[in-house]
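Asks: have a look at this fold, sequence not included:
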């Protein structure tokens, strides 16, 4: 499941909506919506995200968060390490190989490390 898929499912379930009914209102198939929720589809396009925002009457910060979640929800990514140090290539390959063995705590620690690195690079 992707971050966007998890949030989409949560929105749907919190409102007691059936997948079939929501899919019909959004103009997609129930199969597509289910695959999106389960992370078996690539990240949704801007138009679909806007339909979700309008459907749930989501405003400002929550809409921005939904867009952010969509941006980090591509379940099949490619990491291009050409031109980067050898350690970057090693990290990308090891992460691809071992991601399934990481705990929630491991994943949170890695995300925090990446967030800190991004903040350092901006200053």
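Replies: Nice, I can see it. Being a predicted model, the structure only gives us computed values, none of them experimental.

Asks: run through the helices of this protein in chain order.
Replies: 3-14, 19-26, 30-38, 46-55, 60-71, 86-98, 104-122 (DSSP state H).

Asks: select, out of these, the one closest to residue 77.
Replies: helix 86-98 (9.1 Å; CB to CB). Using the backbone N, CA and C atoms, a C-beta is placed for each residue, glycine as well.

Asks: the closest one vs helix 104-122, what angle?
Replies: When axes from the mean of the first three to the mean of the last three CA atoms, to 10 degrees is applied, the directions of helix 86-98 and helix 104-122 differ by 150 degrees.

Asks: which residues does helix 86-98 contact?
Replies: Identification of contacts with helix 86-98 by CB atoms under 8 Å, 6 or more residues apart in numbering yields 79, 81.

Asks: if we go to 10 Å?
Replies: 77-82, 84-85, 102, 106, 110 (CB atoms under 10 Å, 6 or more residues apart in numbering).
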